[in-house]
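Chemist: show me how the following folds:
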Amino acid sequence: QIQIIFSWMSITNQEEIWPIVRNYQKVTPVSFLQLNTFDRFLEEDLKTIILNAEPIVLDLHSSRNFQEEDTGGLRRYTIKFGPGVYISKPSFMEDNKVIDLYPYEALIRNITYSSPIHIDLRVLVEEKDIEGNWAVLSNETIIEYIGKIPMMIKSKFCHLFGREDPNMCKYEPGGYFIIKGTESGSEKVVLPQEKQANNVVYAFKNRKAKTSSMKHSYLVEVKSQLGPYDIVLIVSCYLDHQHRIKVTLPNSKNDFPIFVLFKALGIHDVKDYLTSVFGIEESFLKSSAEEGSVFVDQDLSLNYIGSKSNLHDHSRLECIAFARDLLERDLFKHLHVIQDNLLERKAYYLGLMVQKLYLLASGKIQEDDRDNYSNRRMDSTGALFSQLFIELFRTMRANMHKTLKFQLDKDSRSFSVSGAIIPDIITKGFLYSLGTGNWGLKDQLDPRSGVSQTLSRLSFAGTISHLRRINTPLSRTSKKTAPRLLHGTQFGY
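Modeler: Now for the predicted structure:
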């Protein structure tokens, strides 16, 4: 088999082949997937998350009984995060001395192998005079400790990066974490999680449409996500049992007729748009056209969407403004990479979804296969750490904002940024997720379970297998068999 692999290199002698294999193993460790993604989290993603965090802005007026039209005596405190992010190698305190902590010692002493994180905080204090001009009172940058992050063995900030520990096996692959256990240190591995690909239009059919309580017979949906760590917003388009096309929008509990949404996006002659641009037959649109015929213009459609989105007691202008903001902000978020002609491009993308729904309902295409490897993606270890850090940092920032506001309301002289930071939010948050395997905040209703597992040490082959494993999240009570079977497109992976 090796001779076949290297046949393109005209290598037939095994004495020439094995040095290449050994060199490849040296350059590419067996745990490279774990190590590479975790290093990217520490070197790139961590800084990006902190820089993108919303600044804390607090206003304090010199008079407690000021009027809204007053302009003088307003003092504003602004705390911005970054740009500096400083990661130290693992260490611990002993006899009032900071000592480097190595993985073997962490196991023996039952200490979490983690690194402290410090970041830059820019504290800007401004005051507004009676003429409305802002004057800078102070502008300083301080470095603050925000918590500890468990350090992956043999990653770039580990003491064993590029070197060996005489107390550990020379074939130690790394790629795992050491967490404080009940009696001794526990070795934990974070398994990459398989998921469905985002920003792709999928088409499915309800095989039990006549007997099922589900409201659709055919469904087309897209999970829209702008950035790798942004929230996923689902937009679905379905054909109900009356052959009418409905659309489900994010952050709205109601479904909307397809013609209403097109008119809200600025398409006046919807039937002509769908038939001429996307080749959809008029007979397929007949029921939907009759349902949307009462909505004659864009404002009427926007008002309908706003009034059906929990704004029953608001004015017509408020409903229109809410609906326009909903379509511009949450509909097809991944199209926001380019801001030009945004609503026009969103209307075209919605037309593509309706076209795929038409092709599926008319039998011209088959429904998509959820288990096809082209429709699957993976949340790597680094991506999982980024997602968890975003939630923990957001919680720490909210608590920081609350504490600083309380300080200012009580006494402006007691304003202390250092006293408002609680490092245990990040430190204990990571320990909880790695220790229990429930990936998310402690009080989260439905966290992902089984993400972190105790590393198998029954054999060297078992350890390597565990480090290179990819987990497909499935409920134990699920009766679906297809995700558990080997798919033909998995060949070669």
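
Chemist: return the list of strands paired to the lengthiest strand in the chain, each annotated with direction.
Modeler: Taking DSSP state E as the criterion, the chain has its longest strand at strand 134-150. Strands that pair with strand 134-150, judged by DSSP bridges, come out as strand 114-128 (antiparallel).

Chemist: for the record, mean pLDDT for the partner strand?
Modeler: Per-residue pLDDT over strand 114-128 has a mean of 93.

Chemist: how far off centre is that strand?
Modeler: 25 Å (Cα atoms, centre = their mean, to the nearest Å).

Chemist: list the buried residues of it.
Modeler: The neighbour-count check on strand 114-128 (16 or more other Cβ atoms under 10 Å) flags 114-117, 119-128 as buried. In short, each C-beta sits where N, CA and C put it, glycine included.

Chemist: which helix or which strand is home to Glu318?
Modeler: Assigned by DSSP states H and E, Glu318 belongs to helix 316-329.

Chemist: for the residue sitting nearest the centre point of the chain, give its distance to Arg484.
Modeler: With distances taken as Cα atoms, centre = their mean, the chain has Tyr229 as the residue nearest its mean C-alpha position (2.9 Å). Taking Cβ to Cβ, to the nearest Å as the measure, Tyr229 falls 29 Å from Arg484.

Chemist: C-terminal to the longest strand of the chain, what's the next element?
Modeler: Criterion used, DSSP H and E; the element after strand 134-150 is strand 177-179.

Chemist: which neighbours does the helix or strand that that next one is followed by have in its sheet, and in what orientation?
Modeler: Using DSSP H and E, the next helix or strand after strand 177-179 towards the C-terminus is strand 186-190. When pairing is defined by DSSP bridges, strand 186-190 lines up against strand 177-179 (antiparallel), strand 452-454 (antiparallel).

Chemist: which one of these lies nearest to Gly162?
Modeler: strand 177-179 (19.0 Å; Cβ to Cβ).

Chemist: residues in contact with the closest one?
Modeler: 103, 106-107, 111-113, 150-153, 185-190, 431, 434-435 (Cβ atoms under 8 Å, 6 or more residues apart in numbering).

Chemist: any stretches of the stretch 201-350 of the chain with poor pLDDT?
Modeler: Under the criterion pLDDT under 70, the flagged ranges of the stretch 201-350 of the chain are 207-215, 310-313.

Chemist: break down it into its helices, ranges please.
Modeler: For the stretch 201-350 of the chain, applying DSSP state H, counting those that start in this stretch gives helices covering 258-264, 270-278, 282-291, 298-307, 316-329, 342-361.

Chemist: just the buried residues of the longest one, please?
Modeler: Same thing as helix 342-361. Going by 16+ other Cβ under 10 Å, helix 342-361 has these buried residues: 342-343, 345-351, 353-361.

Chemist: which helices and strands does the helix holding Glu318 pack with?
Modeler: In terms of contacts (3 or more Cβ pairs under 8 Å, 6 or more residues apart in numbering; DSSP states H and E), helix 316-329 is packed against helix 258-264, helix 298-307, helix 342-361.

Chemist: make JSON lines from those and add distance to Phe322 to it.
Modeler: Formatted as JSON lines, the helices and strands packed on helix 316-329 follow (distance: least, Cβ to Cβ, whole Å):
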{"stretch": "helix 258-264", "distance to Phe322": "12"}
{"stretch": "helix 298-307", "distance to Phe322": "4"}
{"stretch": "helix 342-361", "distance to Phe322": "16"}
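
Chemist: good, we can wrap up now.
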